[in-house]
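Engineer: next input, structure requested:
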Amino acid sequence: MTRMFQSALPAFKALREFEWIGYPEFRAEMVQAVLESHPNLHMLGLIGWHFDAVGVSAFHNLRKFVLRAEDDDGFADMGEVRTVLDQNQATLRHLTLGAYLQRNHSWDSAFQSTTIRNLTHLDLVDTRISHVVLARIAHAHSLQSLTLHGTLEEPCSASVVFGSDHVIDGMHTFLPHLEEFRFVMVGHDDDLGLFHSVTQFLRQRPKLRRLDLGNCPWELIHGVLSDLTSLRVLRVRIANLNEATLDALLKAIPREMVAIHLTTVVSDKPLNEYSSGFGIFPSLSMLHLHTHSKRRPQPNLLSDKDFQVQTDIWSSSARSIAFALPALDFVGWHGEHYIVVRTTAGEGQQKIELKELPARRRLDCGKGVDLGTDDAVWMERKDVPMDYEMPGLET
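Structural biologist: Have a look, this model is predicted:
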């Protein structure tokens, strides 16, 4: 199979993006094969369990580099990640690095590269984020998009870094060009000081278009939403949802919203019964309503009759969201995704069906699932190789 792949590579003359997912890992012989046939790749992605790509630093024109490696015990020296960055300083603008929180790993060496200053997009996922890394990010003034997902080694120091931001003549001193910000922490739910600093950092950012603050308390997020006049994509968690909190959310965000993901723990009524309130957003193309404890009915846990009844309730509840919002193209329902199919039946009556989209596989970047827009893909965290099988992470 490998020989067939290598022999076929030269035929793809227009290839500019190459992504290797899973096992076997992308190793030295495959690196050389791709390098010989396509030395001028714009994007290279290596998504697996180890960093085995010896010689990958020979690529010199990369604009985007993606690496997911769980630990440091691959065939390639982790120092080669720094070399990749150094060798592509003139062109590299998008960097995605992923690891595994349960294993020791560090990106401190890679972040010593001067290329970090040139990045416009940076994604750190499933990873430990040291103070060294965060300090280097603070000097990456060109960043337009930042994802921080994982665990902060020094949350108090991180609070100081985010709290150091000031607005001078309408310009922020920390990441002044930020348009997308995803801050999804694991194990920091009780660090209210950290979340307070992060939300203060987000004040007066009229350029911000996409926002995902993970489990940040709703009360802190609510205080900054009115400043974000260009916001179009929001993923938010309201632990206790009722009419009052929903009304506060709807009033705080712009009418031009295109994608919203609302997660809750406790709700006063079934989530689909709130869907009509989102009708004030005429451009909304995707709405995802999600309760952590809700899951699709499982046939092995119910009798045949109960399973059929519960499945019908599940389907009709999701479909009612599409009925309530005529402009909606995609529905998210407790972690699952559906495309809305609208047809006109007899006498001008509209018929609505939901077609289920396939679930994401482990480490797959989700490019095979079309959610209509890049905004929806970003909101559903399908643009980065997160590990959704890890306890504590929600899809």
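
Engineer: use CA for all of it now, contacts and neighbours both
Structural biologist: OK.

Engineer: please report phi then psi for the closest residue to E19 other than its chain neighbours.
Structural biologist: Nearest residue to E19 in three dimensions, chain neighbours excluded: G45, at 4.2 Å (Cα to Cα, 6 or more residues apart in numbering). G45 adopts backbone torsions of phi -120, psi 130, taken as degrees, to the nearest 10.

Engineer: now do the contacts for G45.
Structural biologist: Taking Cα atoms under 8 Å, 6 or more residues apart in numbering, we find G45 in contact with 18-21, 65-67.

Engineer: name the residues of stretch 282-297 that are buried.
Structural biologist: 284-291, 297 (16 or more other Cα atoms under 10 Å).

Engineer: got the end-to-end distance for it?
Structural biologist: Counting by Cα to Cα, to the nearest Å, you get 32 Å between the two ends of stretch 282-297.

Engineer: start the count at 854, not 1, going forward
Structural biologist: With 854 as the first residue, the last one maps to stretch 1135-1150.

Engineer: so for that stretch, mean pLDDT?
Structural biologist: Average pLDDT, stretch 1135-1150: 92.

Engineer: what do you get for stretch 867-874?
Structural biologist: For stretch 867-874, the per-residue pLDDT averages 91.

Engineer: swap in stretch 973-989?
Structural biologist: 95.

Engineer: for burial, what's the neighbour tally of A1229?
Structural biologist: A1229 has 24 neighbours, counted by other Cα atoms under 10 Å.

Engineer: which residues does it contact?
Structural biologist: By Cα under 8 Å, 6+ apart, the contact set of A1229 is 1086, 1112, 1139.

Engineer: residue boundaries of the strands in the stretch 854-1003 of the chain?
Structural biologist: Remark: strands assigned in the stretch 854-1003 of the chain by DSSP state E, counting those that start in this stretch are 870-874, 896-900, 917-921, 947-951, 974-982, 998-1005.

Engineer: so can I have TSV of the ones you listed showing distance to V1119?
Structural biologist: Below are those laid out as TSV (distance: least, Cα to Cα, whole Å):
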stretch	distance to V1119
strand 870-874	37
strand 896-900	36
strand 917-921	35
strand 947-951	32
strand 974-982	27
strand 998-1005	25
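
Engineer: and of the ones you listed, who's closest to P1123?
Structural biologist: Using Cα to Cα as the measure, strand 998-1005 is the one of the strands of the stretch 854-1003 of the chain that comes nearest P1123, at 29.8 Å.

Engineer: does F1015 lie in a helix or a strand, and which?
Structural biologist: Assigned by DSSP states H and E, F1015 belongs to helix 1008-1016.

Engineer: name the next helix or strand downstream of that helix, please.
Structural biologist: Immediately after helix 1008-1016, counting by DSSP H and E, sits strand 1020-1021.

Engineer: relative to the next helix or strand after that next one, what are the paired strands and their orientations?
Structural biologist: Beyond strand 1020-1021 on the C-terminal side, the first helix or strand identified by DSSP H and E is strand 1024-1025. Strand pairing for strand 1024-1025, determined by DSSP bridges: strand 1020-1021 (antiparallel).
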